[in-house]
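Novice: 3D, please:
(chains A, B, C and D)
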Number of protein chains: 2
Amino acid sequence: MEYTVQKLGRLAGISARTIRYYDEIGILKPARISSSGYRIYGQKEVDLLQQILFYRELGVDLDSIKKIVTAPSFDGAKALREHHIKLLAKREQLDILIKNVEKTIALTEGRIEMTDSEKFEGFKQKLIEENEAKYGKEIKEKYGDDVIDKSNAYLNNMSKEDFDRMNSLSEQVLETLAEAVKTGDPSGPLGQKAADLHKQWISLCWGHYNKEAHANLAQMYVDDERFTAYYDKVQPGAAVFLRDAVKIYTSK
Amino acid sequence: MEYTVQKLGRLAGISARTIRYYDEIGILKPARISSSGYRIYGQKEVDLLQQILFYRELGVDLDSIKKIVTAPSFDGAKALREHHIKLLAKREQLDILIKNVEKTIALTEGRIEMTDSEKFEGFKQKLIEENEAKYGKEIKEKYGDDVIDKSNAYLNNMSKEDFDRMNSLSEQVLETLAEAVKTGDPSGPLGQKAADLHKQWISLCWGHYNKEAHANLAQMYVDDERFTAYYDKVQPGAAVFLRDAVKIYTSK
DNA sequence: TATTGACATTGACGTAACGTAAAGGTGTAA
DNA sequence: TTACACCTTTACGTTACGTCAATGTCAATA
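Specialist: Just a heads-up that it's a prediction; the model follows:
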């Protein structure tokens, strides 16, 4: 898949200006320049951008990021493991901040007392490092599954952003489906991924989910020509493929 | 307890310069100035600074923070409860990012496949969150919770046929709207048809209908840029056109 | 008492990571 | 061929401070 600046921006949730800026400072250069001067980005650049955004999320400045990712010794897989540890630490700090606000609410209700210092717990970076030193690998074992479960739970109780999320999910369904159809295997990982995304979309639309209704809906996509057209426009045969993928998905 | 700039900074984990800057922009003024010109902060200022840092943590810019905390209607306790909700949402987003990095690690190990879009899950969400921080509150204040909650309650109990009809209706709304906008006349037959289709769509989504809520929702389409973008992508100015058409439709 | 060193003050300029606007070329669908 | 949404470069604007610089203050110590 190839991307222009705006497409890549939409994919990653950043502006086209940001992508041009990243080119300007030499942190993310396009794979090639089209005959008309357009920046074209490919798979390698998508993956690098993901790395960059992980670092950015963790508060690393772009100059440092540049040095890190352009270093010949840069090890992407190792970096990801470090991101993981840092993100877990960030979560710990966020938990402290959440406790802080809960305590402060209790304070306003006169239920407890608090020192001034306590009122700023979770803001200080220092605490992050302490936590990181204290725990480390244990955190992963402790939170590993829990984290994944929570991420899934997220989809069920987001409320105000449903409209937006629905749009983005349906886009994802189409995107995944487009790639999945090429594999020709509805039971494969991509096919099942598409079915899973589709399930998530349904859950959001209906507020609940059950397998039978899901399978029925997928069948309808094949029976109703309007829906068939909707899905087939991304790839011929996509509606049938999705129905088959969902049939497998819901039967296991 | 009284604090000078540096002491307060150490307490809160920020620099003395930051505290002076907050004085400069009028966001946190000292309780008094000592005989030698030193800024002296007291209990009230400590609590206000805590509030400011909560907002800052949630990505609110200082200018907005100033407007919020200096507003005569500012309710500290209520603000804390909002902080709590937003921080929990932030944690959910962080969990998505953590899940993302875990999945990406699995990808490098060849255990799973991932779409490009998946590689940016948890980053994008942040944009939505920021958007919501910016606009969500205003929208709620202006239109009340029920407008959003109702559009969210969306389809708890919808049959397959309803779902089918809903999808085709929303398509028809967009289609009709696209042509209606070209006429330039919201009160014309096409404009009114779009409004009527929109009414049917709402009736289906909400399970009921009333004119006031309809007009409010249409107004929201103009005020909230996410909705505006959704309608304007079919035709620039479509959101405004639809609002006008609905205004006329609901007033007769 | 004089000195030291860590604090405070007000400018004022620097900077990171973009946003935004201007002026123009490109791709494609109607 | 006209519209329109995309692309380009250039360039100045903005936010939230960091970082001197020049100067005054406070508390402890030699």
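Novice: wait, does stretch A:113-120 make contact with chain B?
Specialist: Yes: Stretch A:113-120 is in contact with chain B by Cβ under 8 Å from any Cβ of the partner chain, via A:Asp116, A:Ser117, A:Lys119, A:Phe120. From N, CA and C alone the C-beta is placed, and that goes for glycine too.
Novice: and A:Lys193, how many neighbours?
Specialist: Counted with other Cβ atoms under 10 Å in any protein chain shown, the neighbours of A:Lys193 add up to 23.
Novice: Just give me the neighbour total for the closest residue to it other than its chain neighbours.
Specialist: Leaving aside its sequence neighbours, A:Lys193 sits nearest to A:Thr176 (Cβ to Cβ, 6 or more residues apart in numbering or on different chains; 5.4 Å). Neighbours of A:Thr176 under the rule other Cβ under 10 Å: 27.
Novice: Chain A: helices as residue ranges?
Specialist: A:5-12, A:16-24, A:43-57, A:62-70, A:76-108, A:125-134, A:137-157, A:162-183, A:189-206, A:211-223, A:225-232, A:238-251 (DSSP state H).
Novice: looking at those, which one has the lowest mean pLDDT?
Specialist: Mean pLDDT is lowest for helix A:137-157 out of these, coming in at a mean of 25.
Novice: got the contact list for stretch A:118-126?
Specialist: The contact list for stretch A:118-126 (Cβ atoms under 8 Å, 6 or more residues apart in numbering or on different chains) reads A:93-100, A:103-104, A:127, B:11-14, B:46-47, B:50, B:53, B:57.
Novice: One more: stretch A:63-81?
Specialist: Where contact means Cβ under 8 Å, 6+ apart, the residues beyond stretch A:63-81 that reach it are A:25-27, A:47-48, A:51-52, A:54-56, A:60, B:101, B:104-105, B:108-109.
Novice: May I have that stretch as PDB, with CA atoms only?
Specialist: What follows is stretch A:63-81, C-alpha atoms only, in PDB (Å, rounded to 0.1, in the frame of the first residue of the first chain):
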ATOM      1  CA  ASP A  63      15.700  15.500  17.600                       C
ATOM      2  CA  SER A  64      16.400  12.500  20.000                       C
ATOM      3  CA  ILE A  65      14.000  10.400  18.100                       C
ATOM      4  CA  LYS A  66      15.900  11.100  14.900                       C
ATOM      5  CA  LYS A  67      19.100  10.100  16.500                       C
ATOM      6  CA  ILE A  68      17.600   6.900  17.800                       C
ATOM      7  CA  VAL A  69      15.800   5.700  14.700                       C
ATOM      8  CA  THR A  70      18.500   6.600  12.200                       C
ATOM      9  CA  ALA A  71      21.300   5.000  14.200                       C
ATOM     10  CA  PRO A  72      22.700   2.000  12.400                       C
ATOM     11  CA  SER A  73      22.300   0.000  15.600                       C
ATOM     12  CA  PHE A  74      18.600   0.700  15.800                       C
ATOM     13  CA  ASP A  75      16.700  -2.400  16.700                       C
ATOM     14  CA  GLY A  76      13.000  -2.000  16.000                       C
ATOM     15  CA  ALA A  77      11.900  -5.100  17.900                       C
ATOM     16  CA  LYS A  78      14.000  -4.200  21.000                       C
ATOM     17  CA  ALA A  79      12.500  -0.600  20.800                       C
ATOM     18  CA  LEU A  80       9.000  -2.100  20.900                       C
ATOM     19  CA  ARG A  81       9.800  -4.000  24.100                       C
END
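Novice: right, is that stretch up against DNA strand D?
Specialist: No: on the criterion Cβ under 7 Å from any atom of the strand, stretch A:63-81 is out of touch with DNA strand D, staying 13.2 Å away.
Novice: Which of the residues in that stretch are classified as buried?
Specialist: A:Ile65, A:Lys66, A:Ile68, A:Val69, A:Ala79, A:Leu80 (16 or more other Cβ atoms under 10 Å in any protein chain shown).
Novice: One more: stretch A:110-124?
Specialist: Neighbour-count burial for stretch A:110-124, with 16+ other Cβ under 10 Å as criterion, is recorded at A:Asp116, A:Glu118, A:Lys119, A:Phe120, A:Glu121, A:Gly122, A:Phe123, A:Lys124.
Novice: check whether it contacts DNA strand D.
Specialist: No: Stretch A:110-124 does not reach DNA strand D (Cβ under 7 Å from any atom of the strand); its nearest approach is 11.5 Å.
Novice: what's the distance between A:Lys99 and chain B?
Specialist: Distance, A:Lys99 to chain B, using Cβ to the nearest Cβ, to the nearest Å: 10 Å.
Novice: With A:His84 instead?
Specialist: As judged by Cβ to the nearest Cβ, A:His84 and chain B stand 5 Å apart.
Novice: okay, now that residue: neighbour count?
Specialist: Counted with other Cβ under 10 Å, A:His84 comes out at 20.
Novice: Identify the residue spatially nearest to it, adjacent ones excluded.
Specialist: Using Cβ to Cβ, 6+ apart, the nearest residue to A:His84 is B:Val101, at 4.9 Å.
Novice: Could you find which two of the buried residues of stretch A:110-124 are furthest from each other?
Specialist: A:Asp116 and A:Gly122 (14.2 Å; Cβ to Cβ).
Novice: For stretch A:25-43, buried residues please.
Specialist: Buried, per 16+ other Cβ under 10 Å, within stretch A:25-43: A:Ile27, A:Leu28, A:Pro30, A:Arg39, A:Ile40, A:Tyr41.
Novice: residues in contact with the fifth one?
Specialist: Counting by Cβ under 8 Å, 6+ apart, A:Ile40 makes contact with A:Glu2, A:Tyr3, A:Thr4, A:Pro30, A:Ala31, A:Arg32, A:Ile33, A:Ser34.
Novice: biggest separation within the residues you listed, which pair?
Specialist: Farthest-apart pair in the contacts of A:Ile40 is A:Tyr3 and A:Ile33; separation 13.4 Å (Cβ to Cβ).
Novice: returning to what we had before: what's the spacing between the residue nearest to A:His84 and DNA strand D?
Specialist: Look at B:Val101 and DNA strand D: by Cβ to the nearest atom of the strand, to the nearest Å, they are 27 Å apart.
Novice: can I assume that residue is in contact with A:Lys86?
Specialist: No: assessed by Cβ atoms under 8 Å, B:Val101 is found out of contact with A:Lys86, at 9.4 Å.
Novice: The two: who's more crowded?
Specialist: Taking neighbours as other Cβ under 10 Å, B:Val101 and A:Lys86 compare with B:Val101 leading, 24 against 19.
Novice: Now do the contacts for that one.
Specialist: A:Phe54, A:Leu80, A:His83, A:His84, A:Leu87.
Novice: farthest pair in these?
Specialist: Of all pairs in those, the most separated under Cβ to Cβ is A:Leu80 and A:Leu87 at 10.3 Å.
Novice: Show me which residues of the stretch 1-150 of chain A sit near DNA strand C.
Specialist: Residues of the stretch 1-150 of chain A lying near DNA strand C (Cβ under 7 Å from any atom of the strand): A:14-15, A:17-18, A:21, A:34-38, A:56, A:61-63.
Novice: List just the nearest of those to A:Tyr231.
Specialist: For those, the minimum distance to A:Tyr231 (Cβ to Cβ) is 29.1 Å, reached by A:Ile14.
Novice: Please name the residues that touch that closest one.
Specialist: Applying Cβ under 8 Å, 6+ apart to A:Ile14 gives the contacts A:Leu53, B:Phe123.
Novice: hmm, back to that, want to throw the buried residues of stretch A:25-43 into CSV with pLDDT?
Specialist: Putting the buried residues of stretch A:25-43 into CSV (pLDDT from 0 to 100) gives the following:
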residue, pLDDT
A:Ile27, 96
A:Leu28, 97
A:Pro30, 97
A:Arg39, 98
A:Ile40, 97
A:Tyr41, 97
